[in-house]
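Trainee: sequence unavailable; structure follows:
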């Protein structure tokens with residue numbers, strides 16, 4: 001028997017598949033955040049030609065800062081997601097490098113939590 005949570009996730013994934021405009025993905029991230037009562041949701045994908053798209057609920061100042069600092073290169077979450085098809089628990093990532101520690105400290109100063117889960 002399917003639970004309400006499973007049905008909601010199935011509906012969410014269907015809505016992603018049916019999206020016809022990029023701004024719909026922004027609304028979907030907000031809906032998912034609100035449903036789960038969590039602080040943030042980010043939807044990020046890399047296309048086959050290397051183009052990157054991201055939508056989420058992080059503050060615009062953090063998103064701009066992240067891009068300005070080119071944190072995509074040092075973000076352990078990004079590296080963790082590229083290394084597996086399995087969900088990634090941020091606690092299990094390698095935060096030991098100087099760049100990772102500086103990134104994390106900076107993220108915390110912008111109100112980004114230290115716990116996360118990426119799929």
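Mentor: Done, it's in. Remember, it's a predicted structure, so these values are computed and weren't measured experimentally.
Trainee: for the lowest-mean-pLDDT helix or strand in the chain, packing partners?
Mentor: Lowest on mean pLDDT, DSSP states H and E among the helices and strands of the chain sits strand 42-46, with a mean of 81. Using 3 or more Cβ pairs under 8 Å, 6 or more residues apart in numbering; DSSP states H and E, the elements in contact with strand 42-46 are helix 22-36, strand 52-56. Any C-beta I mention is one placed from the backbone N, CA and C, and that applies to glycine too.
Trainee: list the pairing partners of it within its sheet, with orientation.
Mentor: Strands that pair with strand 42-46, judged by DSSP bridges, come out as strand 52-56 (antiparallel).
Trainee: return the set of buried residues in the strand it pairs with.
Mentor: 54, 55, 56 (16 or more other Cβ atoms under 10 Å).
Trainee: residues contacting it, please?
Mentor: The contact list for strand 52-56 (Cβ atoms under 8 Å, 6 or more residues apart in numbering) reads 22, 25-26, 28-29, 40-47, 63, 72.
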